[in-house]
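A.B. asks: no sequence on hand, only this structure:
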Ligand SMILES: CSC[C@H]1O[C@@H](n2cnc3c(O)ncnc32)[C@H](O)[C@@H]1O
Ligand SMILES: [Zn+2]
């Protein structure tokens, strides 16, 4: 090979000696396996192979580590991270109207950017490599905030929320800006970030705003992200205002004509599940937020049996109160067992598949991430179980990943083949600075 060819050839790295949990459709696990990453992509995953090592530039020995795809958080609000600890123990409606929205009107670009960085820092260090987020654009420079998100190295969709609040002119401006933002950043940060069209809900958006949202999504070939059927109150409210429950109301307005992710889906009947399946609407399941706000428990077993795509999600940290997807996925599994009084519901393979591949498919990123397979992006995390008492005995590792592991067990995180967390230190975010700025900003906000 002549020198210029060597320079052009993409760098190849082999990761060896780990146990690889691929989370692919066959749920393959390779003990003492090997994964080759060329540039951002996985080119090989399987058992150790000398032939595969021939033209490798670098070998990384992950002896004793467990490797799995990065987790996919399908519904969050990182800009709200400053509100952690604010508004505990309240029902959704008073929580939003009396606590959260009044606070959000005081948000600045600095609050939003530092919140976003702290939220992503927590996500990355607890193993989330992809997220789908809705942010309230009120009072902030959303261009600055998405640039801050881009610098962290995370993958995902960051969506500008549409509300029908304020004067008619303000509502029109919100729609115009949402469209502009979703177009401008449809492909951003080396293709790691994209956008969706995000009307907040059927109760905060007029039918006109919902129809306009559907139009923006269609014109720009974008997905829709919206809160739906979170509480009984919401069902009664929408039914009394429009004569239909939220799912049918949104469907009639054309919202589901584009691929849609609905957050929550706590209160659904058989007819609605059939409609969601028919329109390929996906559900982001937020078990801890739903419990904390006293909203209820989504029937995930029925959703999955109806063939609906489901992902796991945290929601914001004012209603959670963390971004730990290991804890969230475990809670999702335990709740279905408890509700059905059947411990066979939601076993480790189902739950972990939803937290990874299923979540990626739900948010339209299933071709590029969510499992360790050749041709997918190299988004993966490592756990070193040997010095962790709660992961011993080591043998039943798959079980431990659901029933025993925590976000803080994650050692290293790679996105697009690049290391973003190394031995629990984030390489893309100044951790101490972000935490101290967040404390200063929250003190100021609450004064
Ligand atoms: C941060 S942008 C979106 C908007 O949504 C509000 N919000 C946060 N969590 C929930 C929830 O569980 N249901 C409905 N709305 C929620 C948040 O305060 C923002 O204003
Ligand atoms: Zn939400």
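C.D. replies: It's in. Quick caveat, the model's predicted, so the values are computed rather than measured. Ligands and ions are numbered 1, 2, ... in the order given.

A.B. asks: how far off centre is whichever strand or helix holds residue 60?
C.D. replies: With the criterion set as DSSP states H and E, the secondary-structure element containing residue 60 is strand 58-61. Its chain's C-alpha centre lies 30 Å from the corresponding centre of strand 58-61 when counted by CA atoms, centre = their mean, to the nearest Å.

A.B. asks: outside of the helix or strand following it, which residues touch it?
C.D. replies: Going down the chain from strand 58-61, the next helix or strand is strand 66-69, by DSSP H and E. Residues from elsewhere that reach strand 66-69 (CB atoms under 8 Å, 6 or more residues apart in numbering): 15, 18-23, 35, 129, 352, 356-357, 369-372, 379-385, 397, 401. All C-beta atoms are positioned from the backbone trio N, CA, C, and that covers glycine.

A.B. asks: only the buried subset of these, as a ChimeraX command please.
C.D. replies: Those of the contacts of strand 66-69 that count as buried under 16 or more other CB atoms under 10 Å are selected in ChimeraX with:
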select :15,18,19,20,21,22,23,35,129,352,356,357,369,370,371,372,379,380,381,382,383,384,385,397,401
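
A.B. asks: before we move on, back to that, who are the packing partners of the strand holding residue 60?
C.D. replies: strand 12-21 (3 or more CB pairs under 8 Å, 6 or more residues apart in numbering; DSSP states H and E).

A.B. asks: which residues does the strand it packs on contact?
C.D. replies: Here strand 12-21 makes contact (CB under 8 Å, 6+ apart) with 29-38, 43, 45, 48, 52-53, 55-69, 352, 372, 382, 397-398, 401, 417.

A.B. asks: pLDDT averaged over that strand - what is it?
C.D. replies: Predicted confidence along strand 12-21 averages 98 (mean pLDDT).

A.B. asks: for residue 40, what are phi and psi?
C.D. replies: Main-chain dihedrals, residue 40, degrees, to the nearest 10: phi -90, psi -10.

A.B. asks: contact partners for it?
C.D. replies: Counting by CB under 8 Å, 6+ apart, residue 40 touches 377-378, 416-418.

A.B. asks: re the thing from before, the contacts of strand 66-69 in helices, which ones?
C.D. replies: Assignment to helices by DSSP state H places the following of the contacts of strand 66-69 there: 352, 397, 401.

A.B. asks: the closest residue to the second one other than its chain neighbours bridge partners, please.
C.D. replies: Spatial nearest neighbour of residue 397, excluding adjacent residues (CB to CB, 6 or more residues apart in numbering): residue 66 at 5.9 Å. Bridge pairing for residue 66 (DSSP bridges) gives the partners residue 19, residue 383.

A.B. asks: against residue 250, how distant is residue 66?
C.D. replies: As defined by CB to CB, to the nearest Å, residue 66 lies at a distance of 41 Å from residue 250.

A.B. asks: what about these two, which has more around it?
C.D. replies: Higher neighbour count among residue 66 and residue 250: residue 250, with 30 against 24, using other CB atoms under 10 Å.

A.B. asks: which one of the ones in helices among the contacts of strand 66-69 sits closest to residue 440?
C.D. replies: Proximity of the ones in helices among the contacts of strand 66-69 to residue 440, judged by CB to CB, is greatest for residue 401, which lies at 37.0 Å.

A.B. asks: please name the spatially closest residue to the closest one (chain neighbours excluded).
C.D. replies: The spatially closest residue to residue 401, leaving aside those adjacent along the chain, is residue 352, at 5.9 Å (CB to CB, 6+ apart).

A.B. asks: which residues touch that neighbour?
C.D. replies: The neighbourhood of residue 352, defined by CB under 8 Å, 6+ apart, consists of 21, 23, 68, 329, 398, 401-402.

A.B. asks: which SS class is residue 349?
C.D. replies: The local conformation at residue 349, judged by DSSP: H, G, I helix; E, B strand; the rest coil, is helix.

A.B. asks: which parts of this protein sit against ligand 1?
C.D. replies: 77, 79-80, 92, 96, 100, 104, 134-136, 161, 200, 227, 230, 289, 315-316, 319 (CB under 6 Å from any ligand atom).

A.B. asks: run the chain-centre distance for the helix or strand hosting residue 360.
C.D. replies: With the criterion set as DSSP H and E, the secondary-structure element containing residue 360 is helix 359-362. With CA atoms, centre = their mean as the basis, the distance from the averaged C-alpha position of helix 359-362 to the chain average is 9 Å.

A.B. asks: need the residue closest to the centroid of this structure.
C.D. replies: When the chain is reduced to its mean C-alpha position, the closest residue under CA atoms, centre = their mean turns out to be residue 73, at 2.0 Å.

A.B. asks: for that one, which three-state class applies?
C.D. replies: On the basis of three-state DSSP, residue 73 is classed as strand.

A.B. asks: show me the contacts for it.
C.D. replies: For residue 73, the contact set (CB under 8 Å, 6+ apart) comprises 123, 128, 130-132, 312-314, 323, 325, 328, 359.

A.B. asks: from the residues you listed, which is closest to residue 425?
C.D. replies: Nearest to residue 425 out of the contacts of residue 73 is residue 123 (CB to CB; 15.1 Å).

A.B. asks: that closest one contacts residue 324, correct?
C.D. replies: No. At 9.1 Å, residue 123 does not count as touching residue 324 under the criterion of CB atoms under 8 Å.
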